[in-house]
Every structure is written in C-alpha cells, then in structure tokens.
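Participant: Dropping a prediction and its sequence here:
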Amino acid sequence: MIETRGLSVRLGEREVVRDVDLRVRRGEWLAIIGPNGAGKSTLLKAVMGLVAHRGDVTLSGRPGAGLKPRERARLLAYAPQTPALPPDMTVFDYALLGRTPYIPYLGRESRHDREVTASVLDRLDLTALATRHVGELSGGERQRVVLARALAQQAPVLLLDEPTTALDLGHQQQVLELVDRLRRADGLTVVTTMHDLTVAGLYADALLLLADGHAAASGKPDQVLTEELVGRHFDAHVKIEPGPDGRPVVHLVRGGP
Ligand SMILES: Nc1ncnc2c1ncn2[C@@H]1O[C@H](COP(=O)(O)OP(=O)(O)OP(=O)(O)O)[C@@H](O)[C@H]1O
C-alpha cells in the first residue's frame, strides 16, 4: 500500500509537484499520466525519497521519512526512466543488484538470491543475454534489464517510470502482463507513469492525470480518459471509444491542433 498527502516538490524556482494526494491499495495498479513536464517522474522520485519534498509518504503503513535506505528498498522497488548503467557489468550481476537489500554486499549473495535473479531474467526473455555487458545492449534490452533489477528486489510496491517506451509491441505486452500477473498473484502494488493512454487505461485500475504538477483528475480509466480532459490537458485532438473489453481506446484525429 502506498499513500501520499500534500506531496509537493520545488525544483529551482518552480513547484513542479503541487499538493498531490494519492492512495494505492495492495494489489492495485495506478497509472500516472500527463503531458511532458507535468511532474510525473518527479512525483515518483519524491515517493522514493530521491528529491526533497513537503508532505507525507506512507509505505505499507510506515512513514517513508523515517526509513533507512535498506528498509525502504525492501518495501519499494523503482525502475527509473533513464538510469545510469555500469557498462562493464554483466546483465546477471546488474539484475542481482536488486537483491542488495537482503545481502551484506555483492559476492555474499545466497543460492536463493541467484535463483530469484535467474528466474526474473527468464521471465523477461533475458537469459540468453545474462553474460553480456550492460553497455552492449539495445535500448529495449536495457529497459528490460532495469526492470529485471527492480523485480529481483521482490518489494511489495513497484514504481515504474515509463517502463515500456523503448520496447517493441511483443515485449511491451510481456512486461505489462508479467507485472499484472504479479499483482494478481502476489498482491504487488504498482505505480507507473505512462504516455500511451490506451495502454494505461487497459492495465491500470485507476489513473491520475497530472497537469502542471497538480492532480487535475483521478478515477477509473473511463472517468479520466474523456475527450474533454485529454483534449484540454494534452492539447490534442482525440477520439475515445470503448474497446472490446469496454476500456477506453484513445485515437489521434488527423488535422488536430
Ligand atoms: N533538476 C531540475 N531543476 C529544475 N527543474 C527541473 C529539474 N528536473 C526537472 N525539472 C522540471 O520539472 C518539471 C517536471 O519534470 P518531470 O521530469 O517530473 O516531468 P514528467 O511529467 O515526467 O515529463 P516527461 O513526460 O517529459 O517525462 C519539468 O518542467 C522539468 O523541466
């Protein structure tokens, strides 16, 4: 479970996240949507404790502010949008870093830690790349390796910053289905930022539309993905229709603004 109250972040002269309250229960998936620069990544970083903020963050009932890094890492895993990867590290060793909250230092990992890591790599189609160096990977392969590290952490809350932007269609589906299975089977709580509004509405239970740092709308996908709200906040001309399962499908209309 994850909750924020009055979360605000000031960067330089600007308040880029303003007074955001959110609540995601165990096993729920919240997708944060919004135009470029709306504050989506900054909001995730504030929840992670990576940027100074005002307001409260509660993780699985515990105040985020008092948590030691190792305690936080056992509660919360995070896959950033553009992480710096150590180029000479192998894919396996990089994913194994996800186990560091449970081991004193790398090299002291148990057989269980290596098994968890191998299993995550397998589920993300990365076993064949396990001995390759991270610096030699394609963009989509790197993105899946970063996700593998976060999943190897086995924390009850997973924060993913645009997790599928570099992925081909098949790997997008593989990643989203895997995360979806984990939340259904294990009660994983998921918060993602996403630009593909149709995909956000397809997988998430709830959407938060962030505009200029504040929560402009929130609710079920069909309450947030309306032509009026999307048109206004993204400055886009769209048509939105229910898909085969009733979830909204967002189409761009040619000749828009
Ligand atoms: N270190 C910084 N100092 C000052 N402003 C910053 C800094 N980092 C980000 N910003 C600004 O904060 C705002 C929010 O940025 P953020 O990356 O959270 O947006 P976003 O919604 O994730 O955008 P995108 O969809 O483009 O990834 C932007 O206007 C950005 O320019």
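Facilitator: In hand now; what should we look at?

Participant: Could you check what's spatially nearest to Ala79, not counting adjacent residues?
Facilitator: Take Ala79 and drop its neighbours on the chain: the residue closest to it by Cβ to Cβ, 6 or more residues apart in numbering is Ala150, 4.2 Å away. Heads up, the C-betas are built off the backbone N, CA and C, glycines and all.

Participant: Then Ala130?
Facilitator: In space, Ala130 comes closest to Phe92 once its chain neighbours are excluded; the distance is 4.3 Å by Cβ to Cβ, 6+ apart.

Participant: Which element, helix or strand, includes the one you found?
Facilitator: Counting by DSSP states H and E, the element that carries Phe92 is helix 91-96.

Participant: If you count neighbours, what's buried in the next helix or strand after that helix?
Facilitator: The element immediately downstream of helix 91-96 (helix or strand, assigned by DSSP H and E) is helix 111-123. Applying a neighbour-count criterion of 16 or more other Cβ atoms under 10 Å, the buried positions in helix 111-123 are 113, 116-118, 120-121, 123.

Participant: and of those residues, the nearest to Ser138?
Facilitator: Leu121 (16.0 Å; Cβ to Cβ).

Participant: Would you confirm that the closest one contacts Val91?
Facilitator: Yes. Using Cβ atoms under 8 Å, Leu121 and Val91 qualify as a contacting pair, with a distance of 7.1 Å.

Participant: Spit out the residues that contact the two alike.
Facilitator: By the contact definition Cβ atoms under 8 Å, 6 or more residues apart in numbering, Leu121 and Val91 are jointly contacted by 129-130, 148.

Participant: Just give me the closest of those to the ligand.
Facilitator: Ala148 (22.0 Å; Cβ to the nearest ligand atom).

Participant: residue ranges of the strands in the protein, please?
Facilitator: In the chain, the strands defined using DSSP state E lie at 2-11, 14-24, 29-33, 54-59, 62-63, 76-79, 157-161, 189-193, 206-211, 214-219, 238-242, 248-252.
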